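Undergrad: sequence and computational prediction follow.
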Amino acid sequence: MSAAIEDLPPPPSGLTLAPRGGVDAATLAAADERARHWRSPAGFAIGSDAHRDASWAMFRDTFNPYKPSVIDWPKLDAVARERLVGLPIWDIAVQTEGKARLRMRAYARAAADRVWGQAVELNAWEEWRHKVVLSHLVAAYGIALEPEPPVIEPRDTEWAYLVTGFSECIDSFFAFGLFELARRSAFFPPELVETFEPVIQEEARHILLFANWLAWHRRTMAWWRRPWFEARVLGVWAFLAWERIGLARGMDAGQAARPQDNNFTITGSKAVSDVEVSAAELMRICLAENDRRFAGYDQRLLRPTTTPGLVRLALPVLRWLKK
């Protein structure tokens with residue numbers, strides 16, 4: 001079954017999707033290369049207008065008009081399909097992309113700065129594209145989903161964007177490692193892993209944009225707003241820690257359907273590999289993949305640092321516990 005993108009309106013900011021047919025492999029490869037490499041032709045200081053413009057240019061110029069807009073899902077044998085269906089993530093994954101799109105769109109529309117508004121609006125559109133891709137995946141492989149609860153557009157757009165951005169920074173970091181572990185183990189068919197590769201790389205672009213928005217936002221806000229803003233950032237981290245307590249639970253307390261795991265990106269190594277991997281080794285893979293995913297983008301752009309930093313601090317302890 002093929003997953004097309006006809007469900008979506010055109011992307012914003014004058015960008016267009018490539019036509020579905022008549023695209024050769026060389027064109028697809030060139031677009032994929034552009035999506036992974038970008039460098040600003042000019043210098044910039046963090047917090048300057050040039051920094052803001054470079055962040056937006058990076059995000060716009062690396063937009064991929066081919067992938068993951070159109071995906072031909074590979075056929076799976078019974079064992080591979082059962083492994084895929086059994087992952088405890090599908091309701092959460094589809095709903096999370098939908099919430100991210102709504103929250104980002106709300107912030108983009110409320111943003112005082114027009115350039116950041118454009119960047120976050122495109123980010124919202126790509127989150128919508130991810131949701132469409134996931135929806136087609138579950139349909140292609142017969143994965144049953146619970147009805148989606150209604151999502152209300154947030155009133156506090158900054159808080160909602162912070163929650164979404166920091167949550168994606170956490171989940172993407174561990175997803176990079178799990179995805180690489182799945183590739184190495186061949187637990188899932190290589191064709192399926194390769195199909196999802198552009199989606200994973202887009203998540204790297206998303207959190208790269210968020211990290212630079214956060215730095216720019218901090219540098220340009222009035223000094224008297226900083227204490228309140230930093231208190232809100234701490235509040236977001238506390239909220240995310242509370243949200244992720246527990247290894248596996250349904251989206252609702254009374255849900256009797258397939259258990260969903262909010263912490264899958266942290267705890268899911270056994271679900272993507274049949275090889276025993278220690279926590280320390282998985283964290284090492286996550287760190288290496290995190291560096292690799294960002295390597296092609298201008299080194300002057302800031303990277304997310306909190307989750308990788310905490311993992312680096314924890315690695316010696318994990319290695320000691322393994323002894």
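TA: Perfect, thanks for sending it. Numbering: from 1, shown residues only.
Undergrad: low-confidence stretches in the stretch 201-323 of the chain?
TA: Along the stretch 201-323 of the chain, the parts satisfying pLDDT under 70 run over 246-275, 323.
Undergrad: strands along that one, start to end?
TA: For the stretch 201-323 of the chain, applying DSSP state E, counting those that start in this stretch gives no strands.
Undergrad: which residues of it fall in helices?
TA: 226-243, 264-267, 269-272, 279-294, 306-322 (DSSP state H, counting those that start in this stretch).
Undergrad: give me the neighbour count for Ala78.
TA: By the criterion of other CB atoms under 10 Å, Ala78 has 7 neighbours. Quick note: C-beta positions are derived from backbone N, CA and C, even for glycine.
Undergrad: quick check: it vs Val151, distance?
TA: 35 Å (CB to CB, to the nearest Å).
Undergrad: mind putting the helices of the stretch 201-323 of the chain into JSON lines with mean neighbour count and distance to Ala50?
TA: JSON lines is the format used below for those (neighbours: other CB atoms under 10 Å; distance: least, CB to CB, whole Å):
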{"stretch": "helix 226-243", "mean neighbour count": "12", "distance to Ala50": "22"}
{"stretch": "helix 264-267", "mean neighbour count": "20", "distance to Ala50": "34"}
{"stretch": "helix 269-272", "mean neighbour count": "18", "distance to Ala50": "41"}
{"stretch": "helix 279-294", "mean neighbour count": "19", "distance to Ala50": "20"}
{"stretch": "helix 306-322", "mean neighbour count": "13", "distance to Ala50": "25"}
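Undergrad: Arg184 is nearest to which of those?
TA: Taking CB to CB, helix 279-294 is the member of the helices of the stretch 201-323 of the chain nearest to Arg184, at 8.4 Å.
Undergrad: what's the closest one packed up against?
TA: helix 157-185, helix 190-220, helix 306-322 (3 or more CB pairs under 8 Å, 6 or more residues apart in numbering; DSSP states H and E).
Undergrad: export the helices of the stretch 201-323 of the chain to a markdown table and tack on distance to Asn212?
TA: Listed next are the helices of the stretch 201-323 of the chain as a markdown table, based on distance: least, CB to CB, whole Å:
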| stretch | distance to Asn212 |
| --- | --- |
| helix 226-243 | 16 |
| helix 264-267 | 22 |
| helix 269-272 | 30 |
| helix 279-294 | 12 |
| helix 306-322 | 14 |
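Undergrad: Leu28: which of those helices is closest?
TA: helix 279-294 (19.5 Å).
Undergrad: what's the helix or strand containing Gly98 in contact with?
TA: Using DSSP states H and E, the element containing Gly98 is helix 90-110. Residues from elsewhere that reach helix 90-110 (CB atoms under 8 Å, 6 or more residues apart in numbering): 116-121, 123-125, 127-128, 130-131, 134-135, 138, 143, 145-146, 148-149, 151, 153-154, 157-158, 160-161, 163-164, 167-168, 251, 257-258, 260-262, 264.
Undergrad: restricted to buried residues, select the residues you listed in PyMOL.
TA: In PyMOL, this line selects whichever of the contacts of helix 90-110 come out buried by 16 or more other CB atoms under 10 Å:
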select buried, resi 116+117+118+119+120+121+123+124+125+127+128+130+131+134+135+138+143+145+146+154+157+160+161+163+164+167+168+258+260+261+262+264
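Undergrad: ok, the residue nearest the centre of the chain - contacts?
TA: The centroid of the chain falls nearest to Glu203 when counting by CA atoms, centre = their mean (3.2 Å). Contacts for Glu203 (CB under 8 Å, 6+ apart) come out as 168, 171-172, 175.
Undergrad: going by distance to Pro304, which of these wins?
TA: Distances from Pro304 to these, taken by CB to CB, are shortest for Ser172, at 8.0 Å.
Undergrad: relative to His136, how far out is that closest one?
TA: Using CB to CB, Ser172 is found at 21 Å from His136.
Undergrad: looking at the two, which is more packed in?
TA: Shown here are Ser172 and His136; by other CB under 10 Å, Ser172 has more neighbours (25 against 18).
Undergrad: now do the more buried one, the pLDDT please.
TA: pLDDT recorded at Ser172 is 95.
Undergrad: ok, it - contacts?
TA: Going by CB under 8 Å, 6+ apart, Ser172 touches 203-204, 206-207.
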